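Chemist: following is a predicted model, sequence given first.
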Amino acid sequence: MNDSAPTVFIVDDDPSVLKALARLMRSAGLNATTFASPQEFLDHHDQNVPGCLVLDVAMPRINGLELQQTLVAQGSELPVIFLTGHGDIPMSVRAIKQGAVDFLTKPVHDSNLIEAIHDAIEKDRIALQARANLNELQQRLATLTPREREVLSHVVSGKRNRQIAAELGTVEKTIKVHRAHLMKKLKAGSLADLVKLAERLGVISSLPG
């Protein structure tokens, strides 16, 4: 998990808007970093810093929607809030479909914008925590031996120890040992826990039934 304080990244080609929004963020107790263009944002943004992006739509060279597309293509999950004076329904639908958390039109009430930003920051916090949890699970999975990985795939598919032993050409007692080891390494307290972990790790595609 990144322990950095959340930052509101603001991209707008109007200096007066950047100044006003930065002032509003400070008054709300939020960190803010401003960028005068999408390219400046792409050149200097640190993807490891949590927060959200407040983004204008109509800008020269690269517009807001194109910046959003670029971030999606890069695998970024930074929540995006569009704030524009040139929005329309098709544009807002397109932005939301690409993952924007909100689409606000100028002039916007300060409280509405701050509320949207807090919602976006919370969404980012939850996503970062989920990624950290998944990374921890993947590290646990990496500690399994190849044979334990084999036994895991058989166990979560619903097979009994005797069946697994027959398929792997060994004895049931050995399978019990492997099973105990992998349960301990993955910190699974029960078969149900193990199945859920395996699903999250992609070892199985879905829960049985």
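Modeler: Cool, the structure landed. Residues are numbered from 1 along each chain as shown.
Chemist: which residues of the chain score low on pLDDT?
Modeler: 1-3, 87, 205-209 (pLDDT under 70).
Chemist: so who does the spatially most central residue of the chain touch?
Modeler: Geometric centre of the chain, nearest residue: Ala127, 4.0 Å, by Cα atoms, centre = their mean. Shown in contact with Ala127 (Cβ atoms under 8 Å, 6 or more residues apart in numbering): Glu77. (C-beta placed from N, C-alpha, C; glycine too.)
Chemist: how close does it sit to Leu134?
Modeler: 11 Å (Cβ to Cβ, to the nearest Å).
Chemist: and for these two, which residues touch both?
Modeler: Joint contacts of Ala127 and Leu134 (Cβ under 8 Å, 6+ apart) do not exist.
Chemist: just the strands in this protein please.
Modeler: All strands of the chain, identified by DSSP state E, fall at 7-11, 31-35, 51-55, 80-84, 102-105.
Chemist: let's have these in TSV, adding distance to Val177.
Modeler: Formatted as TSV, the strands of the chain follow (distance: least, Cβ to Cβ, whole Å):
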stretch	distance to Val177
strand 7-11	50
strand 31-35	52
strand 51-55	47
strand 80-84	50
strand 102-105	53
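Chemist: so which of these is the most packed in?
Modeler: By mean neighbour count, with neighbours taken as mean count of other Cβ atoms under 10 Å, strand 51-55 ranks first of these at a mean of 26.
Chemist: what are the pairing partners of that one, and which direction each?
Modeler: strand 7-11 (parallel), strand 80-84 (parallel) (DSSP bridges).
Chemist: which segments of this protein make up each domain?
Modeler: Following automatic domain parsing, the chain resolves into domains at 7-137, 143-201.
Chemist: end to end, how far does the first one reach?
Modeler: It refers to domain 7-137. The first residue of domain 7-137 is 28 Å away from its last residue (Cα to Cα, to the nearest Å).
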